[in-house]
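Engineer: sequence plus predicted model, see below.
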Amino acid sequence: MSERNPDRRKALPDAIQPRGRGARSNVSGRFEPNGYEPFDDGWREDDGDPPKLHTRIHAEHPKRIISRNNSPDISFSQSINPYQGCEHGCIYCYARPSHAYWGLSPGLDFESRIFFKPDAADLLKKEFAAPNYRPSTIVIGANTDPYQPAEREFGLMRKMLPVFIKTRHPVSVITKSALVTRDIDMWAELARQDLARVAVSVTTLDRKLARDMEPRAATPDKRLKAIEALSKAGVPVTVMVAPIVPALTDSEIEPILKSAREAGATSAAYVMLRLPREIADLFKEWLATTRPDAADHVMSLMRQMRGGRDYDSRWSVRQRGTGPYADLIAKRFRAALRRYDYNQDRRPLRTDLFEPPERDGAQPRLL
């Protein structure tokens, strides 16, 4: 145990660095009075492979399932996150700092200590049935991916989507998992009534970079195949080029948009890399161990967009950045949208079809 000291923070030694994970450390969360940091003291049974880090799943029973926000630079006001933490292990994930509220590390804990909400579907019906509820599009996965590996076991999306179908409530999802195609029947049924949109995040087309940066997410080609399958089923698909990582993925903006358009995506958006709170240190550790030759260049460009800092949290700036480099990215993106004929289907999802479920114990409607 050591007193918390940010200057001591460093990546785990190779001998105890778990394979197939994104973060390179597991320093205690910012709210803990003491800091805990694993280190290699040389005592281990053999000099073989590092120990495996097994994922642990915990049930959470909240009273509500819908989260609300009034952020001026976010296009939706309602969201659902059936899971907290994400086994995909994306090193850049802006949700990592939220694990500190559980007394856990935004590092390896975030991708190996997963919380799920088994009552999600029932809570959703209950909130939809509230007399004062007013429908607006709900985005699932705005924080962590709802189609992460745990979804194969718990099927929370498979349980929630019928609630949206029955009540005819608009819904969209953000994912980088090909598992979304498991539910293609329900997404297609919602889409036929202008009630659904799927956003698939494609960060890079480079399999090696994707494996290093997003170790347990679907490969780039699997994501493109998911876009194709959804599009053929009549589901409108947005490709999210997110995040754009300076000097690592910025050269792929046009190839990603071209490939996704050929697969059937009709709209596109991007977000520049964000490094709030603990993510800055985690990302710099990752750079130092996986892309050391590019590390200084990446962080130099980041700071050029963030007023000399690692991050700028101001509304409308945090997702785009400022300055010449940020302006160049924005111009390239707009030009690529025109070149590949994007943003052809930007109709808002319908809210006028909503039919609230009956409340428990309420008298059934006559008509």
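Structural biologist: Alright, I've got the coordinates.

Engineer: regarding the protein, what is its longest strand?
Structural biologist: strand 237-244 (DSSP state E).

Engineer: which secondary structure elements does that strand contact?
Structural biologist: Judged by 3 or more Cβ pairs under 8 Å, 6 or more residues apart in numbering; DSSP states H and E, the packing partners of strand 237-244 are strand 196-201, helix 220-232, helix 253-263, strand 267-272. No exception for glycine: its C-beta is placed from N, CA and C like everyone else's.

Engineer: list of residues touching the longest helix along the chain?
Structural biologist: Looking across the chain with DSSP state H, the single longest helix is helix 324-339. Defining contact as Cβ atoms under 8 Å, 6 or more residues apart in numbering, one finds that helix 324-339 is touched by 241, 244, 246, 250, 253-254, 257-258, 268, 270, 272, 301, 304-305, 320-321, 342-343.

Engineer: show the pLDDT at H58.
Structural biologist: With respect to pLDDT, H58 scores 94.

Engineer: nope, L257 is what I meant
Structural biologist: pLDDT, L257: 98.

Engineer: just the one 10 residues further on next, same as before
Structural biologist: Note for S267: predicted pLDDT of 95.

Engineer: next, count neighbours for it.
Structural biologist: 19 (other Cβ atoms under 10 Å).

Engineer: partners of the nearest residue to it once chain neighbours are set aside in the sheet?
Structural biologist: Distances taken as Cβ to Cβ, 6 or more residues apart in numbering put T238 closest to S267, at 4.5 Å, once the chain neighbours are dropped. T238 has these beta-bridge partners by DSSP bridges: A199, S267.

Engineer: would P162 count as being in a strand?
Structural biologist: No - looking at P162 with DSSP: H, G, I helix; E, B strand; the rest coil, it is helix, so not inside a strand.

Engineer: you'd agree it is up against M186?
Structural biologist: Yes - between P162 and M186 there is a contact at 6.9 Å, judged by Cβ atoms under 8 Å.

Engineer: of those two, who's got more company?
Structural biologist: Set side by side, P162 and M186 show more neighbours around M186, with 19 against 13, by other Cβ under 10 Å.

Engineer: which residues does the more buried one contact?
Structural biologist: M186 makes contact with 158, 161-162, 165, according to Cβ under 8 Å, 6+ apart.

Engineer: can you name the helix or strand that it falls in?
Structural biologist: Element membership for M186 (DSSP states H and E) is helix 184-191.

Engineer: kindly report the same for S67.
Structural biologist: S67 belongs to strand 66-68 when elements are defined using DSSP H and E.

Engineer: quick one: residues in contact with the next helix or strand after that strand.
Structural biologist: Remark: after strand 66-68, the chain's next helix or strand is strand 78-80, criterion DSSP H and E. Strand 78-80 is contacted by residues 65-69, 120, 124, 136-140, 142-143, 146, 160 when judged by Cβ under 8 Å, 6+ apart.

Engineer: now do the buried residues in the helix holding M186.
Structural biologist: 184, 186-187, 189-191 (16 or more other Cβ atoms under 10 Å).

Engineer: adding distance to S79 and pLDDT, write the residues you listed out as a markdown table.
Structural biologist: Below are the buried residues of helix 184-191 laid out as a markdown table (distance: Cβ to Cβ, whole Å; pLDDT from 0 to 100):
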| residue | distance to S79 | pLDDT |
| --- | --- | --- |
| I184 | 22 | 98 |
| M186 | 19 | 98 |
| W187 | 17 | 98 |
| E189 | 22 | 98 |
| L190 | 17 | 98 |
| A191 | 20 | 97 |
